[in-house]
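Participant: have a look at this prediction, sequence included:
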Amino acid sequence: MQRLYIKFYLTVVAALIVFVSAAVLLWRLAEEDARTPQYLDIAAELTGALLPDADAPPSDDQKALDALHRKLRFDLALYRPDGVIIATAGRPPPRFDVRKARPGWRRGREGPSFTLQLPDGRWLVARQVRERPNPTLWIAAFLALVAVAVAVGAYPVVRGLGRRIERLKAGVEKLGTGDLGARVKVEGRDEIAALAESFNRSAERIEGLVAAHRLLLANCSHELRTPLARIGVAASLLGEQADPRTRASLKRDIAELDGLIDQILLTSRLEAVSSLDKREPVDLLALAAEEAAHYDIEAEGTPVTVEGDRLLLRRLVRNLLENARRYAGDGPIDVTVAPAAGRAVLEVRDHGPGVPPNERERIFEPFYRLAATRESGRGSGLGLALVREIARRHGGEAVCLAADGSGSRFRVDLPAA
């Protein structure tokens, strides 16, 4: 993933590169425009006036070139219209081909030279005695130095802005993972600071609403236990005069409601704390065997020790077994525990109707039930949600997998001690 501050910084650097390139290009174009044929014609006329006529003896041409060489400090070479050399002054002239000659500046291996065609058809080639630095290169170097200075100076500013955005991103991620106390530091007075303040206000509001919701849920669940206990006592005092079916149905409903309240309270407690209250070594196979015995089921496998809360792990196994017993029908229930790559894997399989593939993830959502479960009125939709929450609190995961044949297979993997 490309960091935001890198994008900002590369944008600044790219803008500087474009600026330097455009400045150099404009300079070169302006320099080329200054070398128009009009100026070349004027230079040719003036130079022709300083040199002897074309029919003058070569000695006169040599004297004139020597004088110009001393004054202008240029290496000079005079050629006839057919390219034959007439006279030179200074270093040997560069290679000259009249067929390729063009008036103006050109750069060669021996340095830049200037070629003029005099009005009488002769050619004059001039070369600097000491080559002067190209002003375009100096300007480009200066602008490049300025660009580097701006880039170096812009980096701390852009990086500081990027760090503030990264801290804001980290705060949003912490809030998204369930840490309702996540806040970000407000720095400066710009739009990012305003965004940080808005995030903190929103997080504080969310934390208050969730806390109020949890408190209301816990208080309601707690207060429901008192009338529920009274109903249970009244049901037991009905005596033999009451219809046995009615009394049994009433006791079953009371037990289911009591279990629902117990799961709601446990869910509220898990949401209220960010970590486990206590950790201790727990033999997962022994724990599964104890819970399976209540359902006349035998747990098989290899003993594996995990670190965690024994009561929560017991609730995890119990909810899986209760879910399997509810949907297994007349088929058997298989409970296995085995180690795998440093993990403890618990599997509970039933041979019931199974869970459709598109709903194997949704059944772990609180209060979500399959269509058949809603029609029969069985279950509350909290059991499997608690299984996954307890597994994650122990550093593991709970999933529903396809089983060979019919039924469902629930797997819980936890870190082995």
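Facilitator: Thanks, I have the structure now. Residues are numbered from 1 along each chain as shown.
Participant: list the contacts of stretch 10-17.
Facilitator: 147, 150-151, 154, 158 (CB atoms under 8 Å, 6 or more residues apart in numbering). Glycine gets a C-beta too; all of them are placed from N, C-alpha and C.
Participant: just the buried ones among the residues you listed, please.
Facilitator: 147, 151, 154, 158 (16 or more other CB atoms under 10 Å).
Participant: got TSV for the residues you listed, with secondary structure, distance to Ser113 and pLDDT too?
Facilitator: As requested, these are exported to TSV (DSSP: H, G, I helix; E, B strand; the rest coil; distance: CB to CB, whole Å; pLDDT from 0 to 100):
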residue	secondary structure	distance to Ser113	pLDDT
Ala147	helix	33	77
Ala151	helix	38	76
Ala154	helix	43	75
Val158	helix	47	74
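Participant: most widely separated two among the residues you listed?
Facilitator: The distance between the two most remote of the buried ones among the contacts of stretch 10-17 (CB to CB) is 15.1 Å, for Ala147 and Val158.
Participant: what about the helix or strand where Val157 lies, distance to the chain center?
Facilitator: Here Val157 sits within helix 135-176, counting by DSSP states H and E. Helix 135-176 sits 19 Å away from the centroid of its parent chain (CA atoms, centre = their mean, to the nearest Å).
Participant: ok, now stretch 11-30?
Facilitator: Taking CA atoms, centre = their mean, the mean C-alpha location of stretch 11-30 is offset from the chain mean by 32 Å.
Participant: mind listing what the host helix or strand of Val412 pairs with, with the direction of each?
Facilitator: Using DSSP H and E, Val412 maps to strand 408-415. Strand 408-415 has its sheet partners listed here by DSSP bridges as strand 343-349 (antiparallel), strand 397-402 (antiparallel).
Participant: in the stretch 51-200 of the chain, which ranges drop under the pLDDT threshold?
Facilitator: 107-111, 129-136 (pLDDT under 70).
Participant: tell me where it has strands.
Facilitator: For the stretch 51-200 of the chain, the strands defined by DSSP state E, counting those that start in this stretch occupy 74-79, 85-89, 104-108, 111-117, 123-128.
Participant: turn these into CSV, including distance to Leu51 and mean neighbour count.
Facilitator: Listed next are those as CSV, based on distance: least, CB to CB, whole Å; neighbours: other CB atoms under 10 Å:
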stretch, distance to Leu51, mean neighbour count
strand 74-79, 7, 22
strand 85-89, 10, 18
strand 104-108, 19, 13
strand 111-117, 10, 18
strand 123-128, 8, 21
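Participant: out of the ones you listed, which comes closest to Pro357?
Facilitator: Among these, strand 104-108 sits nearest to Pro357 (CB to CB), with 74.3 Å.
Participant: for Phe410, see how far away Ala402 is.
Facilitator: 11 Å (CB to CB, to the nearest Å).
Participant: can you check the pLDDT for the closest residue to Gln263 other than its chain neighbours?
Facilitator: Once flanking residues are discounted, Gln263 sits nearest to Leu382: 4.5 Å by CB to CB, 6 or more residues apart in numbering. pLDDT, Leu382: 77.
Participant: Leu382 touches Tyr368, doesn't it?
Facilitator: No: look at Leu382 against Tyr368 with CB atoms under 8 Å: they stay out of range, at 9.6 Å.
Participant: ok, these two, which is more surrounded?
Facilitator: Taking neighbours as other CB atoms under 10 Å, Leu382 and Tyr368 compare with Leu382 leading, 22 against 16.
Participant: can you pull the phi/psi pair for the more buried one?
Facilitator: Reported as degrees, to the nearest 10, the phi and psi values for Leu382 are phi -100, psi -20.
Participant: how near is it to Val304?
Facilitator: 27 Å.
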